[in-house]
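Asks: Make a model of this:
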Amino acid sequence: MPGLRASLPAFLLLLVLPRGSPAAPGAGQELEPGSRSAAAAARVALQYRNFQAGSLGELRALGQVRKATLKNIPESGHKYYLQFSTEDYRTGEDAGSCLATVLYPKKKSPPVVSIKCSHTKDKKEIQEEDNRLYQRIRHQTKPITGNNIPDSYGNIEPALEPVWALAVAGSSSIMWEKSTETLGYFLAQVKAVKQWMRKDDFIEFDYTVLLHEMPTQEIISCHMRLTWLPGHPLKVKHFCAPESHGLDEGSGAESGSAAGASAEKGGTS
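Replies: Predicted coordinates for the structure are as follows:
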């Protein structure tokens, strides 16, 4: 997929960030912006945001980390303070910059994320893109089905682009929830997808998605049931299992609750 890297000078980055952004730490260890741990934490923050937004027109990928600081919070865990640029997930164009904090708790629970971002699209433009993709799905006369998206050459059929975008948004909840300070995830492929026809306005899909676990290089297979209507929270229920292992139940996530997430360009870009 295309991937233009947004590149803002540090002083411009600070100017475009919204008020009320997460505050910088009083003291902490400065990290190299290009370090694996800084990039991994920034991806987790975007995975959280992409899911919480519940919008296909708002999907973002990580551009470049500009600044990263790590602080040990006693009794809680390691907390990352981040400044980074983002790209439009579909076009690779500059999508604005973000300030975020990511706390990896000592106990086994999802990362705690706080994130504020600037925008290059206005609200109306985002809503129009959501509605356009929604209508492309609604106007199908037969339930949508598909396999191996993208294909082995990295191509996605135009008719399946909205289905892929929904997979990115929905799998973001899984990747955020499963991420730890030492393990991160990319959406590698939609292995299979099937649409469930509904009588109301919501659209609903069953997915089997493959997640690329880093740095172990394992491929994790997850089943995901996703329900969406523009302007409403994205609802996702899932269970995952490493390939060749038995299925472990996973907790579902809904963007209206404390759960949330995002996806990143990954295994097949």
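Asks: where along the chain do the strands fall?
Replies: Under the criterion DSSP state E, the chain contains strands at 29-31, 60-73, 77-88, 94-105, 112-117, 145-149, 184-196, 203-214, 219-228, 235-242, 248-249, 253-254.
Asks: Go through stretch 116-134 and flag the buried ones.
Replies: By 16 or more other C-beta atoms under 10 Å, the buried positions in stretch 116-134 come out as 116-118, 121, 126-127, 129-130, 133-134. The C-beta positions use only the backbone N, C-alpha and C, and glycine is treated the same way.
Asks: which one of those residues is nearest Pro74?
Replies: Lys116 (25.6 Å; C-beta to C-beta).
Asks: what's the spacing between that closest one and Leu82?
Replies: For Lys116, the distance to Leu82 (C-beta to C-beta, to the nearest Å) stands at 11 Å.
Asks: Now do the same for the residue lying farthest from the centre of the chain: its pLDDT.
Replies: Largest separation from the mean C-alpha position in the chain: Thr141, at 29.7 Å (C-alpha atoms, centre = their mean). At Thr141, the predicted lDDT confidence score is 82.
Asks: now swap in Asp122 and tell me
Replies: pLDDT at Asp122 comes out at 85.
Asks: Quick check: phi and psi on it?
Replies: Dihedral pair for Asp122: phi -90, psi 170, per degrees, to the nearest 10.
Asks: going forward, begin numbering at 46 instead of 1
Replies: Happy to do that; since the first residue is 46 now, the last one works out to Asp167.
Asks: pLDDT weak spots in this structure?
Replies: The model of the chain has pLDDT under 70 over residues 46-72, 287-314.
Asks: Domain boundaries for it, per the record?
Replies: Per automatic domain parsing, the domain ranges recorded for the chain read 55-162, 175-299.
Asks: Would you point to the one among these that's packed deepest?
Replies: Of the domains of the chain, the one with the most neighbours on average (mean count of other C-beta atoms under 10 Å) is domain 55-162, at a mean of 19.
Asks: Report the distance from that one to the chain centre.
Replies: Counting by C-alpha atoms, centre = their mean, to the nearest Å, domain 55-162 is centred 12 Å from the centre of its parent chain.
Asks: Also stretch 170-181?
Replies: In terms of C-alpha atoms, centre = their mean, the centre of stretch 170-181 is set 19 Å apart from its chain centre.
Asks: thinking again about what came up before, nearest to Arg94, of the strands of the chain?
Replies: When the strands of the chain are compared by C-beta to C-beta, strand 157-162 sits nearest Arg94, at 5.1 Å.
Asks: same for that closest one, what does it pack against?
Replies: Contacts defined by 3 or more C-beta pairs under 8 Å, 6 or more residues apart in numbering; DSSP states H and E place strand 157-162 against helix 81-98, strand 139-150.
Asks: which other helices and strands contact the last one?
Replies: Translated: strand 139-150. Other helices and strands packing on strand 139-150, by 3+ C-beta pairs under 8 Å, 6+ apart, are helix 55-61, helix 81-98, strand 105-118, strand 122-133, strand 157-162.
Asks: With only the CA atoms kept, save the third one in PDB.
Replies: What it means is strand 105-118. What follows is strand 105-118, C-alpha atoms only, in PDB (Å, rounded to 0.1, in the frame of the first residue of the first chain):
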ATOM      1  CA  ARG A 105      -4.300   6.400  10.100                       C
ATOM      2  CA  ALA A 106      -0.900   4.700   9.900                       C
ATOM      3  CA  LEU A 107       2.300   5.700  11.700                       C
ATOM      4  CA  GLY A 108       4.500   8.200   9.900                       C
ATOM      5  CA  GLN A 109       7.600   9.000  12.000                       C
ATOM      6  CA  VAL A 110       8.200   9.300  15.700                       C
ATOM      7  CA  ARG A 111       9.500  12.700  16.500                       C
ATOM      8  CA  LYS A 112      10.100  12.500  20.200                       C
ATOM      9  CA  ALA A 113       9.900   9.600  22.700                       C
ATOM     10  CA  THR A 114      10.400   9.500  26.500                       C
ATOM     11  CA  LEU A 115      10.100   6.500  28.800                       C
ATOM     12  CA  LYS A 116       9.200   6.800  32.400                       C
ATOM     13  CA  ASN A 117       8.900   4.200  35.100                       C
ATOM     14  CA  ILE A 118       5.700   4.700  37.100                       C
END
